[in-house]
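**Q** sequence and predicted model, in that order:
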Amino acid sequence: MNAELALISALNGASYGLLLFMLSAGLTLIFSMMGVLNFAHASFYMLGAYCGYQISQWVGFWPGLLLSPLIVGIFGAAVERYGLRALHTRGPVAELLFTFGLSYVIVEVVQVLWGRPPVPYRLPPELDGSLFTVYTVDFPRARGFVMLVAGVILGALALMLRYSRVGMIIQAALTHAKTVETLGHDVPRIHMLVFGGGSALAGLAGAVGGALTVTEPNMGATIGAILFVVIVVGGMGSLAGAFLASLAIGELDAFAKVIDRSPADLAAALGARLDPSNPLYGLWSLTLSQAAPVLPFLLLVVVLLVRPRGLLGKREDR
Amino acid sequence: MVRRGFVRLLLGVLTCGMATAAAAQTTVRIAFIDPLSGLMAPVGSNGLHTWQFVAEVANRDNWAPGVRFEIVPFDNKLSPQESLNDLKAAIDQDIHYVVQGNGTSVARALIGAISKHNERNPGKEVVFLNYAAVDPDLTNAECTFWHFRWDANSDMKMEGLTSFLAKQKDLHRVYLINQDYAFGHQVQRAAREDLTRKRPDVEIVGDDLHPLAKVTDFSQYVAKMKAANADTVITGNWGSDLSLLIKAARDAGLTANFYTYYAGTTGVPTQMGASGAERVRMIYIWQPNIENFSGDVLVKEFKSRYKEDFTVMAAYDALRGLAEAIRKAGSPDPVRVAYALEGLRFHAYNGDVEVRGSDHQVQQPLYVSSWQKVDGVRVKYDQEDTGYGWKREITIAPEAAALPTSCEMQRPPRPN
Amino acid sequence: MNRALAARWLPWVAGALLLVIVPVLFQQGFVRQLFAVCAVMIVFTLSYNLLLGTTGMLSFGHAVYSGFGAYATIHALNWIGRSHVPLPVTALPLLGGCGGLLAGLLLGFVSTRRSGTAFAMITLGLSELVGACWLMFPKFFGGEGGISGNRTVGAPLFGLPGWNLGSDLQIDYVVGAWCFACIVAVRALLGTPLGRIANAVRDNPERAEFIGYSARQVRWFMLLASSFFAGISGALAALNFEIVSAENVGAVRSGEVLLATFIGGIGYFHGPILGAIVFVFFSVALSQWTKAWQLYLGLFFVVLVLRAPGGLAAVIERALAQVRDGSVLRRARLLCALGACAVLALSGLIVLVEMTYQRTLEASGGYLVRVFWTDIDTRQAAAWVLPALLLIGGALAYGWLRRQDTAANAPIAVLTAAER
């Protein structure tokens, strides 16, 4: 591990982490406000990617980037208004089941409309090429763009929540919904707005993420699992926690992939040599890079056992 | 009484005539089981189009007189379990020939299921034509009578690739990256063995295994290659795993040479484009720019029909072989056809093809090619409208490409 | 004969007869395969309902238990084949149950510490963890290719020659017998004090604590029972398909059992059985006719969640009650009109979906699509406009008629044990 590798890994991890945060920020807001874990959030991410693709086919990439969060946000608001609101009285299980079924249906609708193979959604040629060079490795302009979008949007979100009137009402409704209602604000409408806003964030994440990597019907499922880990590890209901957790998981993923050492190597360095004929050798000689896919979930289980609130969590389940 | 007898005779003659007329044109249905969804869908879909196209050519040119070929597609989603469901559905539809190529795990599962089925249901046998799954074990330790492999296996390809690689002067630090399943492990092992044997001075500076068809971002792996100062990368990756790897390499500005099996498959040429020129090489049983541009008639017709590149020559050879065997055996019965396939020889667009009877591994020439700009002289046909195509570097004759086998084949009783 | 007694025993006798007759009545491999998959799914959904319907625990990782059972079975099968031990293969599902039970012991201890949404999320995390782990241990999980086995090894059934489970008729009978045994066992379990207290823990855990039962322990015991039966279902799947791979533990399969159980109705004992049959019909039979079957299944599920959370069992019971008290006859015209609107709207939707699928899926395969036994040319504008009109018109008419129907305006609720 030299300085070049460490630096580029840190940058790659940060770009992945920021993309994760764009996704988890919306989900955290929705959960804090309404207590419902939106299973379909990752499907909104996928919808954003496909909307971005379709609009970029008709008009161009930049209009797609602007319009697809809008479309997904409106769709999310509709889902809340006509679906979740009716289920609110029936409890969290019914809401979970509804969002679960919805995620299923969205994937299927996408497959019907755009087919099963990946679609060629690419970033525009302006974003090709390298942004800067770290020793000898190029850091692509595309990744830098994703980081920029995430940073700007999230900065705007933080500012809005803190300093604008709407933001104050939302923050109040997060913890004292009934009081806010007695003050005359339409809390169900606020719920709808927050749900729509969170979905729009997911759509935006999809519009950039899908162009950066691959846009195909399964993309929601793969990132959905990691998203879920971020929410729980960061603490359900805490934006700052989600930010820390996203970055942590992004960096963990990036660095784990480049470390080709296993516990057996560690033991050997300390003097204890492990015999290959030992039946557990397969387990001990597993390098960190091979174990990389499983690390986020291991972290999830540990956190759920040891500190169920998460890193900076404020809210337990209802 | 006589009139009734005459009517019966007339009816008998008529039905006989109809039966003969019906027998005059049998349809041999072939099940195509490969991924048509997910990350590998473009490769599977290209394979399906290839098979459908070759079947049309076979029917048009009457390769097996009185026999029509029909392809029945099944989407296995790259899953062995789903493939077995597809196999059961195919058997229910009275299909006796199965073709598959993408993914050794699937091939292995199909071979196991087909062997069990043939053993438990004599008279309803199924023959498996493997057009791209190249794990060597399938024609060595796990060989069966019902399986025929039409592509060169992974050991043969690595042998050919390293014999070209060994002659390169700028070869000092090699990085291996492969998919983490049976085939990737085989490529890993063969690369290490062959390099140690042919170029012991070369250092293997990295050896990665990544999950199959799941990774969408190879930038960290490329960063490792850079950090290790690798000048050569050897990979058996195919489909999205290769195209995304090459994309990440291009994005990060990696200047290493790539030695691959599958840089000619769907999606990779678009990622390579100009940046891959002079740097990417691949080994396969054919490519459009071999001597005399043999096979270009297929290339042109396929392109105009499907707007895709014709690359899977193994499918063409497989159907040619099947038609020849049906002709030789005089019937489409799978057991007879399988026996007729053993030892079959014919001349195809990619050279002399022989189905070796001892292990059912087809012997044919191998071509190592490198990615070059179209110049109209050595490189006439480009891939995926990039303006770049394959230039033939060396031809390896079938005898030189052949490897011994450890197969001890069990054969069913020969039909009379 | 006492009518009530006959009514109680009739379903059991009829079910047993069905399990015996169906495999021998239908010769096609396709139907026999359907039968086996159905039987396996019934055991799976019953085991899941022990968690969801009985104890109120929503789990997103149930396939882990059945997957462990499947892996235990396939390893045992291969061991029997290698060492030629004359063990009967038909007893292997018991071993599979133990495999599931072991997984339940290990993982359940971790997950049952919490309840409600937290439990659901832990199960999701554990399921993803196991799914991510399988590739790292190819010796146990078989890597990408999974592990195959051959069920014709070991001692033949009851020593009868030829009964080596090779044919699909024999495996159908074995699977059917195990399925029936599991149905009986689950019914018995639900009648025990544990089963009853589990209902109490579902409805009011605090109250159950007050009468002296530890809610956490009850949940854990129910999880153990559920994982045992899930392990049996996994073992039966392993014997039927003779291959076990990552899908047996995957999140997709966990989602499938959730869908199937909920569609059937979680508040009834026979709900999961009904749901399993409907789900298998969707996935095996419907998938032969249309590629969009998963979309139809998902829409059906969402509609059920919104309008009939009691599932199909509740819908049928409600319908039967309305037939019995005559409200069906009174509203016969209205119901016919409702039915007609629904059929028209559905037809429009199906045609639209199939046509869209054809356009995107087989772009080089042509423009004709076969729906409802007719070929439709997707290039004609009329072919799109007409079904769209049917869908919109039918849906609007249905909505309007529904508002006129005062007798059935409340959605069908989940009936509690007291109401049933």
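**A** Arrived safely, thanks for sending. Since we're looking at a predicted model, the values are computed, not measured. Residues are numbered from 1 along each chain as shown, chains lettered A, B, ... in the order given.

**Q** hey, let's count contacts and neighbours off CA atoms from now on
**A** Fine.

**Q** can you tell me the SS state at residue B:410?
**A** Judged by DSSP: H, G, I helix; E, B strand; the rest coil, the three-state class of residue B:410 is coil.

**Q** what's the distance between it and chain A?
**A** 34 Å (C-alpha to the nearest C-alpha, to the nearest Å).

**Q** ok, which stretches of the stretch 201-350 of chain C are helices?
**A** Per DSSP state H, counting those that start in this stretch, the stretch 201-350 of chain C carries helices over the ranges C:205-210, C:215-241, C:251-264, C:271-280, C:287-289, C:293-307, C:311-324, C:327-330, C:332-361.

**Q** closest to chain B out of these?
**A** Chain B sits nearest to helix C:215-241 of all the helices of the stretch 201-350 of chain C, at 7.8 Å, using C-alpha to the nearest C-alpha.

**Q** I'd like to know the average pLDDT value across stretch C:379-389.
**A** When pLDDT is averaged over stretch C:379-389, the result is 84.

**Q** that stretch vs chain A: in contact?
**A** No: Stretch C:379-389 is not in contact with chain A by C-alpha under 8 Å from any C-alpha of the partner chain; minimum separation 14.3 Å.

**Q** any buried residues in that stretch, and which?
**A** C:384, C:387-388 (16 or more other C-alpha atoms under 10 Å in any protein chain shown).

**Q** the helices in the stretch 1-150 of chain C, which residues?
**A** Using DSSP H, counting those that start in this stretch, helices in the stretch 1-150 of chain C cover C:3-25, C:29-55, C:63-83, C:92-111, C:116-133, C:138-141.

**Q** pLDDT weak spots in chain A?
**A** A:278-280, A:282, A:314-318 (pLDDT under 70).

**Q** quick one: name the residues of it near chain C.
**A** A:83, A:86-87, A:92-94, A:97-98, A:101-102, A:104-105, A:108-109, A:112-116, A:225, A:229, A:282-283, A:286, A:290-291, A:293-294, A:297-298, A:300-301, A:304-305, A:317.

**Q** list buried residues within those.
**A** A:83, A:87, A:92-94, A:97-98, A:101-102, A:104-105, A:108-109, A:112-116, A:225, A:229, A:286, A:290-291, A:293-294, A:297-298, A:300-301, A:304.

**Q** which of those residues fall in helices?
**A** Using DSSP state H, the subset of those located in helices is A:87, A:92-94, A:97-98, A:101-102, A:104-105, A:108-109, A:112-114, A:225, A:229, A:290-291, A:297-298, A:300-301, A:304.

**Q** for chain B, tell me which of these show up nearby.
**A** residue A:290.

**Q** quick one, strands of the stretch 201-350 of chain B?
**A** Using DSSP state E, counting those that start in this stretch, the strands found in the stretch 201-350 of chain B span residues B:203-210, B:232-235, B:257-260, B:280-284, B:345-348.

**Q** ok, now which ones touch the nearest residue to residue A:52 once chain neighbours are set aside?
**A** Excluding its sequence neighbours, the residue lying closest to residue A:52 (C-alpha to C-alpha, 6 or more residues apart in numbering or on different chains) is residue A:64, at 4.6 Å. Going by C-alpha atoms under 8 Å, 6 or more residues apart in numbering or on different chains, residue A:64 touches A:51-56, A:207.

**Q** tell me which helix or strand residue A:64 sits in.
**A** Using DSSP states H and E, residue A:64 maps to helix A:61-79.

**Q** quick check: residues of the stretch 151-300 of chain A near chain B?
**A** So far as C-alpha under 8 Å from any C-alpha goes, the stretch 151-300 of chain A lies against chain B at A:213-214, A:216-218, A:254, A:257-258, A:290.

**Q** closest to residue B:189 among the buried residues of stretch C:379-389?
**A** Nearest to residue B:189 among those, counting by C-alpha to C-alpha, is residue C:384 at 56.0 Å.

**Q** so the spatially closest residue to that closest one that is not a sequence neighbour versus residue C:359, what's the distance?
**A** Distances taken as C-alpha to C-alpha, 6+ apart place residue C:352 nearest to residue C:384, at 6.7 Å, with adjacent residues excluded. Distance, residue C:352 to residue C:359, using C-alpha to C-alpha, to the nearest Å: 11 Å.

**Q** on that earlier part again, and the residues of the stretch 151-300 of chain A next to chain B, which is closest to chain C?
**A** When these are compared against chain C (criterion: C-alpha to the nearest C-alpha), the nearest one is residue A:290, at 7.2 Å.

**Q** among the buried residues of stretch C:379-389, name the ones in helices.
**A** C:384, C:387-388.

**Q** pretty sure the residue nearest to residue C:384 is touching residue C:388, no?
**A** Yes: judged on C-alpha atoms under 8 Å, residue C:352 makes contact with residue C:388 at a distance of 7.1 Å.

**Q** give me the below-cutoff pLDDT ranges for chain C.
**A** In the predicted model of chain C, residues C:1, C:157-162, C:361-368, C:406-420 satisfy pLDDT under 70.

**Q** can you name the residue of it nearest chain B?
**A** Counting by C-alpha to the nearest C-alpha, chain C gets nearest chain B through residue C:145, at 4.2 Å.

**Q** just give me the neighbour total for residue 208.
**A** Defaulting to chain A. 28 (other C-alpha atoms under 10 Å in any protein chain shown).

**Q** oops, chain C please
**A** Based on other C-alpha under 10 Å, the number of other residues close to residue C:208 is 19.

**Q** could you pull up the residues touching it?
**A** C:197, C:200-201, C:214-215.

**Q** next one: it relative to residue C:235, how far apart?
**A** Taken as C-alpha to C-alpha, the span from residue C:208 to residue C:235 is 35 Å.

**Q** again, but for residue A:85
**A** Residue A:85 is 42 Å from residue C:235, by C-alpha to C-alpha.

**Q** between these two, who's got more neighbours?
**A** Applying other C-alpha under 10 Å to residue A:85 and residue C:235 shows that residue C:235 carries more neighbours, namely 32 against 15.

**Q** surely that one and residue C:100 touch.
**A** No: the criterion here is C-alpha under 8 Å, and residue C:235 misses it with residue C:100 at 9.3 Å.

**Q** overlap of the contact sets of the two?
**A** In contact with both residue C:235 and residue C:100: C:66, C:69, using C-alpha under 8 Å, 6+ apart.

**Q** domain assignment for chain C?
**A** Per automatic domain parsing, the structural domains of chain C span C:3-316, C:332-404.
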